[in-house]
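Visitor: task: produce atomic coordinates for the following.
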Amino acid sequence: MITDTRWYWAAGFAVLMLMIYLLQPILPPFLIGILLAYLGDPAVVRLEARGVPRMAGVVVVFAAVTGIFAVLLLILIPLLINEIGILRDSIPAMVVWFNQTALPWFESRLNVDVSSFRLETVTDTIRENLGKTGGIVGIILQQATRSTMALLTWLVNLAMIPVVAFYLMRDWKEIMQRIRGLLPRQHEGLAVSLVRDCDEVLSSFIRGQLLVMLCLGVIYSLGLWLIGLELALLIGMVAGLASIVPYLGFVVGVGAALIAAIFQFGDVFHLVAVVAVFSLGQVIESTLLVPLLVGDRIGLHPVAVIFAVLAGGQLFGFVGVLLALPIAAVLMVLVRYMLGRYKDSSAYRDPEEDILTTGDGQAVAESEAPIP
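Guide: Numbering: from 1, shown residues only. All right, here's what the predicted structure looks like:
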């Protein structure tokens, strides 16, 4: 008796979704660990190709990533806290300019009442939310230390991330081989092909686009720092992160940097310099970063990325955000495969064309004969 295995796959998928929903509190460190292992595996494979044992390669990659991350935190966090303090102190002048200069200009040009847009109370509200220097760290610690159990859970989850990442990176090849060994024999070739396509999509986005975003953040921050902008690091990193959507980082960065330059310098030279920094970043992105880091691989469309992240967060919270991109990549590959199957089926193709292309040579010759 032939059994329809589709019901088993559907039941397995339903159970998986239920387990994700029920186990949301404990999944983040495992998902982040899987992500880090996935990102680090290519470097380990390259070291293996040069004769380095896998365990030694894992130790080297893990130590390098940990060291770089620690150095960046030690350097960036104090700088960002300092720039947040500068931004907090600049807000009153910005609000006064908006109320006394920008709004009257719009009111005189557009002949509309803009009194409802005045920001009389926004100064105190924003300054309270930003708090004093180090206030953000205090808020995080306050939330984490609300109770002893919450503090212990937070510390355990934080400590589990590198542990999970290390062991998964060490055994990544073996895990992939065991998963492949469990695939149905008659569908192994198709499943492996689809998984490779999924990996191509994910690698082009995660390993490519995220590196492009990081490089753009560094370029923007360095360029704004060279022209003397006080909020260079904050604006540059925000613009780099916003570059997940093409041109959004450029628009956000230029807008924020121009406003900051107006209040700090108030001259045309620095405004032109800001535009030049972001224009140079766009040129470097299109001519160097994207061809080098992303190449011609097909990644996720920016709109699909935004929708996937928002939908995952709405359905499963932070766990959904972590799972959004892998699931979106899988769905994209499956949709592409089903679309190809559909175009090869009789439901799409013209039956008369099939007769002409699959008939005898005479039919084909007649179809290719010139029209008299």
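
Visitor: in the protein, which helix or strand is least confident?
Guide: Every helix and strand in the chain was compared by mean pLDDT, DSSP states H and E; the lowest is helix 361-368, with a mean of 45.

Visitor: tell me the mean pLDDT over stretch 168-176?
Guide: The average pLDDT within stretch 168-176 is 88.

Visitor: ends of that stretch, how far apart?
Guide: Start-to-end span of stretch 168-176 (C-alpha to C-alpha, to the nearest Å) is 11 Å.

Visitor: list the buried ones in that stretch?
Guide: Neighbour counts over stretch 168-176 (16 or more other C-beta atoms under 10 Å) mark 168-170, 172 as buried. C-beta: built from backbone N, CA, C; applies to glycine.

Visitor: which residues of this structure score low on pLDDT?
Guide: For the chain, the stretches flagged by pLDDT under 70 are 1-5, 112-151, 294-300, 351-372.

Visitor: what segments of it are strands?
Guide: Taking DSSP state E, the chain contains no strands at all.

Visitor: roughly how far is the biggest helix by length in it from the heart of the chain?
Guide: In the chain, taking DSSP state H as the definition, the longest helix is helix 54-97. With C-alpha atoms, centre = their mean, to the nearest Å as the basis, helix 54-97 stands 18 Å off its chain's centre.

Visitor: try stretch 278-285
Guide: What separates the centre of stretch 278-285 from the centre of its chain is 20 Å, taken as C-alpha atoms, centre = their mean.

Visitor: also stretch 182-200?
Guide: Relative to its chain's centre, stretch 182-200 lies at 25 Å (C-alpha atoms, centre = their mean).

Visitor: repeat for stretch 24-44
Guide: 15 Å.

Visitor: mind checking how far V58 is from I34?
Guide: 15 Å (C-beta to C-beta, to the nearest Å).

Visitor: go on, I75?
Guide: For I75, the distance to I34 (C-beta to C-beta) stands at 28 Å.

Visitor: who has more neighbours, those two?
Guide: When I75 and I34 are compared for neighbours, I34 comes out ahead with 18 against 11, by other C-beta atoms under 10 Å.

Visitor: picking that back up, distance to R46 added to the buried residues of stretch 168-176, as TSV?
Guide: Formatted as TSV, the buried residues of stretch 168-176 follow (distance: C-beta to C-beta, whole Å):
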residue	distance to R46
L168	18
M169	13
R170	16
W172	14
